[in-house]
Each structure stands twice: as structure tokens, then as C-alpha cells.
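Colleague: Need a 3D model of the following:
(one chain, ligands or ions: 1)
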Amino acid sequence: MDHTFQVDLRGVVDLLSHHLYGSPRVYVRELLQNAVDAITARRATEPDAPALVRIEPPELTGDGTLRVHDSGIGLTEGQVHELLATIGRSSKRDELGFSRHDFLGQFGIGLLSCFLVADEIRVLTRHADEPTVRWTGYADGRYAVEPAGPGAGRIEPGTTVTLVPRPDAGQWFATATVTDLARLFGSLLPVTVRVGDVVTTAGPPPWPTRPGTPPDRAALTRYARETLGYAPFDVLPLSVPEAGLTGAAFILPTPVNPAARSGHRVYLKRMLLAEHTDGLLPEWAFFAHCVVDATELRPTASREALYEDTLLAGVREALGDQVRGWLVRLARHEPRRLAEFLQVHHLGVKALALHDDEMLRLVDQWWPMETNTGTLTLAEFRQRHGVIRYAASLDEFRQLAAVAAAQDLAVVNAGYTYDTELIERLPAVDRSILIERLEPSDLTTRFDTVDPRVELALRPFLSAAQRALERTGCEVVLRAYDPVSLPALYLVSRSAAFNDQLAASRDRADELWGGVLDALASSAPPDRPQLVLNHRNPLVRRISTLTDPELVGLAVEGLYGQALLLGHHPIRPADAALLNSSFLGLLGRAVPGRGE
Ligand SMILES: Nc1ncnc2c1ncn2[C@@H]1O[C@H](COP(=O)(O)OP(=O)(O)OP(=O)(O)O)[C@@H](O)[C@H]1O
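Modeller: Residues are numbered from 1 along each chain as shown. As a prediction, this is how the structure comes out:
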């Protein structure tokens, strides 16, 4: 024998409140939604029927209940039995079970949300000229249906839903709260909604809802200020006809962390879905905040997020194209504004340019980069210097910018976030673009060698200098270069820097890893850092003529330490000890009196 499922209503309500809805406040939304749907249904056959929803909070009814009156289609007694008492039953689906296009509701569970805040729900409803019916449902699962009785019938078709608040839910019924919630969820609804005497609907959205209508920028900016709390950098209207979507993207006026997306304000058929909806824009467009209304996108059952389907994916792509189009237009027609935009959002734009050719071109053309010949865009740099020569880290740039400039070598500082990757991606977009990473040791090839006779005469000095620095593993070289004021330059090729790091890790590693690192070290080329003394520098010349080997040692150690510091190189413990001893040694010699 067949049996019918029994439903434990308390269990279902518990499920809704703890696992489906984020807050009991959704009861206002569900009541509004049912009222609006009922009005839509009535106006389908009676286009001139009134379209009014009136909410009376307990303060106004005076009997502790909240009432929602609508001028909708109402229900017959048969429908009351069928629809109100069956969980999951809805009049808003077609014979095949698909949600009907004109309605907000579709799941047949919305009314249950009232049990989040009420113990008892009463519905007094009249359909056309049928008798008025009274339905009362209780949170424990009981319900009663009866005719309204003489004198208690409704004069007009429509429905009044009455909630008897639960003792612990009083806060959700305060007039101010109900007004705020009606405004939050329903301000764009196409019917008039009143809480008491206060109209909470605000008419049509502030963005164009018909194709071809130009946006009212002043109204949109006002909307952003009043509703979203900021004055946008710019506003662009959005439209995706396949999703029945219209809206606006507000470009945020301050930098935002691309990883901390705050989501978009989404309305479905003019009812607020959520203020922080994810998934509407591609991730790169984090600098845009959208407010949209769509007729075809679907909500999840909680009505607090968008259902991820192919339509949503298509919408995301279309909206991404529109935001991108705005950027490209700005670049073409308002370069100043674009520069302002980039000042605020350059990090995000660069992140986007890592994958997006159009954005990469934008960065190439418009983003001012630091170079050792002043601030230039990469495009300008190319035009002037041909090859984009770049230092891949801030330290490398600092170390070499001035010296390279003195050799007429223009270098871009690509040490800021994403810059190196972006420069290295440029040739993939435009094969004619030449790039070259500045290798510190390349510089020495541009330095002049010293006259062989002079160098020969300085052999003893150079040997003493090399001996003094032997412990540091660095090679002393003599060259002549500009700027004259620079006595010495410490140059580490990339492979030497790698070797240094490897040696430091080797010292800290255990046996197993030590073995692995040793194997690596043996495959790395034996490239030593160089201390390049500048023979054009007067001090170096004087030092090179010293005959006291100890003083030569102290002076060269001093130059070594100064070159390390000037180039922002890491100071290892051995370097610190060397710096210390050379400083004290030189001081000892400089101060009159006998040393111990
Ligand atoms: N104010 C009303 N006027 C007329 N009919 C109503 C009203 N409120 C509810 N109903 C009827 O009760 C049914 C169930 O309502 P309920 O809110 O539970 O679900 P729904 O609106 O169909 O779907 P959803 O769960 O998505 O809101 C509705 O389909 C509708 O037929």
C-alpha cells in the first residue's frame, strides 16, 4: 500500500533559517514578491487593475500583527488548499514545471520564510467575484481554511497576509526596520509599495532600460553617492539583451585590492537579489562595481546568489567586453582621464595585462615607467632607445641606473609588481618589439680598459687589493668609467648572485638537501662578483699609488664596503666584519697618536 510523505514543518523551517536564508529579514522580500506576482497575474487579464502593496507594521495595526495588503489576483478556496498548504507547490510554474517568465517566485517555499519570524500566518484572499477565503497556518504544521463569513469578506479582489510575530522576533517588525527592508529589496519594483504612508518604491532604475536611450550621468552619479556611498570615477551603462539585463558599472574612485572582491548589486525582475553578488564580471574588472537588473538570470533557492549556468557565463563575458570597451575608448579619446584612472587602478590593469593583449597595449602606451632617463611610457622608451633594456628588480635598478646612464645606456626600472612579466610579454604581442634584460656584468664591457702600461705599473697594487678581498670571493678589476665621482662598483652577474644564494642555503640545509644543492652548484658556471675600481676617480688613483700594503688593504676593503652599501647589496656577516675592521683601521691611522 502506498503512503504519502509527512512533512515536519518545524524541521523544514529550521532548515530554511539555518541553511538556506542568511537572515530572517528575507521574510519582507518574500511577502513583497508574492504581492507583486499576484498583481502581475491580475493585470495580465485586467491591465487597469490597481497596483498597490501596503504594509502595516504592528505600530500601525495596533494589534501586534503585521499586515501586507495587495491588489493582486487573490486565490479561490480550491487554490488556497492546493497552493498555501503544499510545500513546494507554486502557481508560478507552467505544466512542465518551468518557472513562468513574468513572476518573481518559482520555488513554492517563499511563504514558509515567514515562519522564521512568525508563529502564525493568516491569509485573507479573494479571487475575482469568488467568496473571500480565510487560511490560517501555524508553525507546528497545522492549518485551517474557512469562508470569511458575512461582513468579513473583502470588498475588492486581492490578498491580505497577516503575521503574528514570534516573541523573540520583535526587532524584525519595528516600523523603521520594515521600511528599510521594503526600500532595500523593493525600491525598484514596478508597483507602488507603501509602509504606512511612506512610499518605499523609487520609480524606474536610474540607468537606461531601453536600447538607444542615452544615460543620465548626473542621475547615475547621484544614485552612486546616495545608494552606494561614493562618487564614481566614471559611469558606463550596461546592457545584455539575451539576459534581459540593463544596468550601470561604476568605476571605483579609489584603489581596491583585486583579491578582495566586494561583489555587485543585482536585481532580478526589479527585486534585489543581493548587494554583494559574485560572478557577474570577470575577475580582472575588479575596479568596476555593477548595479544591474536582469529578467533572465536565475537565482539560487535562497535568492541570495546567482545560479551559475551558461547564461551567467555569457553575461560575464559580455559585461567584461563592455568594461574593456570603456577603457579602450578612454585611451583613444580621453588620454588624460586614462592617466588618472591608471594612477588609481594600475595594479589591477597590470594584472589584467598579464593575460590580455589589449590591456598590455594600454600599459605599453600609457603607463609611465621609471627609467634612468626620466619617466617614460614603454612605447616612448622604445621610440627613443629602440630596445627596451630593463632591470628586473628594484635593487638592480638602484645599483645600476646612474652608472648605466653615464654610459648612455637607458634602463627601465621593471622592479615594481608585474613590470618584468609585462615587458617580457610584449614581444609575444608585437614581434617587432625588442627587449633585453640588463645583466650587471654587461656594464663592464662598456667600461674602458686602462692603458696596458699603467695597468702593468699597478700590478703590485692590484695583487695587494685582491689579497685583501680574497675572503669575500670577489675579483678586483681596474677600469676607467663615468661618473668620475664613483670610486668603485660592485657587480654581481645573475649567475653569481645565484651561486651566493646557493652557498647560503647550503650552509643551512641538512645532509640530503645539501647534497642536492651541491649538485646544482657544480652545474652553475663559476662566475665571481667583481669590484670594479674606477681609474678615473681621483681617490682611486691616489690609493693605487700607495706603497704600504696594509694601507692598500684597508682602503680597498673600505671601497668594497662602500660599493656594497651604495648598491643595496646584501651584507653578509663576513662583509660586516670586513667593513668594521677597515673602518676602525682607517680611523686608527687617521687619528694622530701611537696605536697599541
Ligand atoms: N499574496 C498572494 N496573492 C496570491 N497568491 C499568493 C500570494 N501569496 C502566495 N500566493 C500563492 O501561494 C503560492 C506559494 O507561495 P510561495 O511564496 O510559498 O512560493 P512562490 O512564490 O510560488 O515561490 P518562491 O518560493 O520562489 O517564492 C504562490 O505560488 C501563489 O500561488
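
Colleague: could you point out which element follows the lowest-mean-pLDDT helix or strand in the chain?
Modeller: Using mean pLDDT, DSSP states H and E, the weakest-scoring helix or strand in the chain turns out to be helix 511-523, at a mean of 62. Sequence-wise, the next helix or strand beyond helix 511-523 is strand 530-534, with elements assigned using DSSP states H and E.

Colleague: Within its sheet, name the partner strands of that next one and how each one runs.
Modeller: With DSSP bridges as the test, strand 530-534 is paired with strand 475-479 (parallel), strand 488-491 (antiparallel).

Colleague: out of these, nearest to the ligand?
Modeller: Counting by CB to the nearest ligand atom, the ligand lies closest to strand 488-491 out of the strands paired with strand 530-534; the figure is 70.7 Å. Heads up, the C-betas are built off the backbone N, CA and C, glycines and all.

Colleague: What mean pLDDT does that closest one get?
Modeller: Per-residue pLDDT values over strand 488-491 give a mean of 92.

Colleague: which bits of the stretch 51-200 of the chain sit near the ligand?
Modeller: Residues of the stretch 51-200 of the chain found near the ligand (CB under 6 Å from any ligand atom) are 70, 72-75, 83-84, 90-92, 105-111, 159, 161.

Colleague: Return the subset of those lying in strands.
Modeller: Under the assignment DSSP state E, those contribute 70, 159, 161 to strands.

Colleague: Run a quick neighbour tally on the residue lying closest to the first one once chain neighbours are set aside.
Modeller: What sits nearest to residue 70 in space, not counting adjacent residues and going by CB to CB, 6 or more residues apart in numbering, is residue 35, at 3.6 Å. One way to gauge burial is a neighbour count; for residue 35, by other CB atoms under 10 Å, it gives 29.

Colleague: Could you verify that residue 541 is part of a helix?
Modeller: Yes - membership of residue 541 in a helix is supported by DSSP: H, G, I helix; E, B strand; the rest coil.

Colleague: since we're on it, how many residues are nearby?
Modeller: Per other CB under 10 Å, the neighbour tally for residue 541 reads 15.

Colleague: how far away is it from the ligand?
Modeller: Here the criterion is CB to the nearest ligand atom, to the nearest Å. By it, residue 541 lies 89 Å from the ligand.

Colleague: Looks like that residue contacts residue 533 (just checking).
Modeller: No - applying CB atoms under 8 Å as the test, residue 541 and residue 533 come out as separate, 9.8 Å apart.

Colleague: who's in contact with the nearest residue to residue 280 once chain neighbours are set aside?
Modeller: Nearest-residue entry for residue 280: residue 264, 4.6 Å, with adjacent residues in sequence omitted and distances by CB to CB, 6+ apart. Each residue near residue 264 by CB atoms under 8 Å, 6 or more residues apart in numbering is listed here: 276, 277, 278, 280, 281, 289, 290, 291, 292.

Colleague: Now these in TSV, please, with extra columns for secondary structure, pLDDT and distance to the ligand.
Modeller: Written out in TSV, the entries for these read as follows (DSSP: H, G, I helix; E, B strand; the rest coil; pLDDT from 0 to 100; distance: CB to the nearest ligand atom, whole Å):
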residue	secondary structure	pLDDT	distance to the ligand
276	strand	92	21
277	strand	93	18
278	coil	90	21
280	coil	95	21
281	coil	93	26
289	strand	95	28
290	strand	97	24
291	strand	97	23
292	strand	98	20
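
Colleague: need the residues of the chain near the ligand, please.
Modeller: Counting by CB under 6 Å from any ligand atom, the positions of the chain adjacent to the ligand are 30, 33-35, 38, 70, 72-75, 83-84, 90-92, 105-111, 159, 161.

Colleague: about what we covered before: export the strands paired with strand 530-534 as CSV, with columns for distance to residue 116.
Modeller: Written out in CSV, the entries for these read as follows (distance: least, CB to CB, whole Å):
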stretch, distance to residue 116
strand 475-479, 78
strand 488-491, 70
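
Colleague: Can you give the domain ranges for the chain?
Modeller: According to automatic domain parsing, the chain is divided into the following domains: 9-199, 217-332, 367-444, 452-493+529-590.

Colleague: any chance of those domains in JSON lines, plus distance to residue 359?
Modeller: As requested, those are arranged in JSON lines below (distance: least, CB to CB, whole Å):
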{"stretch": "domain 9-199", "distance to residue 359": "33"}
{"stretch": "domain 217-332", "distance to residue 359": "8"}
{"stretch": "domain 367-444", "distance to residue 359": "10"}
{"stretch": "domain 452-493+529-590", "distance to residue 359": "32"}
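
Colleague: Indicate which one of those is closest to residue 360.
Modeller: If you check each of the domains of the chain against residue 360 by CB to CB, domain 367-444 wins as the nearest, at 5.6 Å.

Colleague: Go ahead and measure how far that closest one is from the middle of the chain.
Modeller: Going by CA atoms, centre = their mean, to the nearest Å, the spacing between the C-alpha centre of domain 367-444 and its chain's C-alpha centre is 28 Å.

Colleague: before we move on, what about stretch 55-64?
Modeller: Distance of stretch 55-64 from the chain centroid (CA atoms, centre = their mean) equals 44 Å.

Colleague: got the CA coordinates for it in CSV?
Modeller: Output of stretch 55-64 as CSV, limited to C-alpha atoms (Å, rounded to 0.1, in the frame of the first residue of the first chain):
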residue,chain,number,x,y,z
ILE,A,55,2.5,47.1,4.6
GLU,A,56,1.2,47.9,8.0
PRO,A,57,3.7,47.2,10.8
PRO,A,58,2.5,46.4,14.3
GLU,A,59,2.8,50.0,15.3
LEU,A,60,0.1,50.9,12.8
THR,A,61,-2.2,47.8,13.1
GLY,A,62,-2.2,48.2,16.9
ASP,A,63,-2.9,44.5,17.5
GLY,A,64,0.7,43.3,17.4
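
Colleague: pLDDT below threshold where in the protein?
Modeller: Along the chain, the model assigns pLDDT under 70 to residues 94-100, 258-260, 494-509, 511-526, 594-596.

Colleague: what's the longest helix in it?
Modeller: Using DSSP state H to define each element, the chain has its longest helix at helix 310-333.

Colleague: Pull out the buried positions in the very next helix or strand once past that one.
Modeller: Helices and strands here follow DSSP H and E; after helix 310-333, the next one along the chain is helix 335-353. When neighbours are counted by 16 or more other CB atoms under 10 Å, the buried residues of helix 335-353 are found to be 338, 341-342, 344-353.

Colleague: Please determine how far residue 166 is located from residue 113.
Modeller: Between residue 166 and residue 113 the distance is 13 Å, computed by CB to CB, to the nearest Å.

Colleague: swap that for residue 187, please
Modeller: Look at residue 187 and residue 113: by CB to CB, they are 20 Å apart.

Colleague: which of the two has more neighbours?
Modeller: Neighbours per residue (other CB under 10 Å) separate residue 187 from residue 113, with residue 113 holding more: 25 against 19.

Colleague: Tell me which residues touch that one, please.
Modeller: With the criterion set at CB under 8 Å, 6+ apart, residue 113 makes contact with 16, 21, 24, 26, 27, 30.

Colleague: before we move on, what about residue 440?
Modeller: Shown here is residue 440, whose contacts under the criterion CB under 8 Å, 6+ apart are 396, 399, 400, 491, 492, 493, 494.

Colleague: got it, and residue 236?
Modeller: 215, 248, 249, 251, 322, 323, 326.

Colleague: ranges for the helices of the stretch 1-150 of the chain?
Modeller: Listed from the start of the chain, the stretch 1-150 of the chain has helices (DSSP state H, counting those that start in this stretch) covering 9-15, 26-45, 58-61, 77-79.
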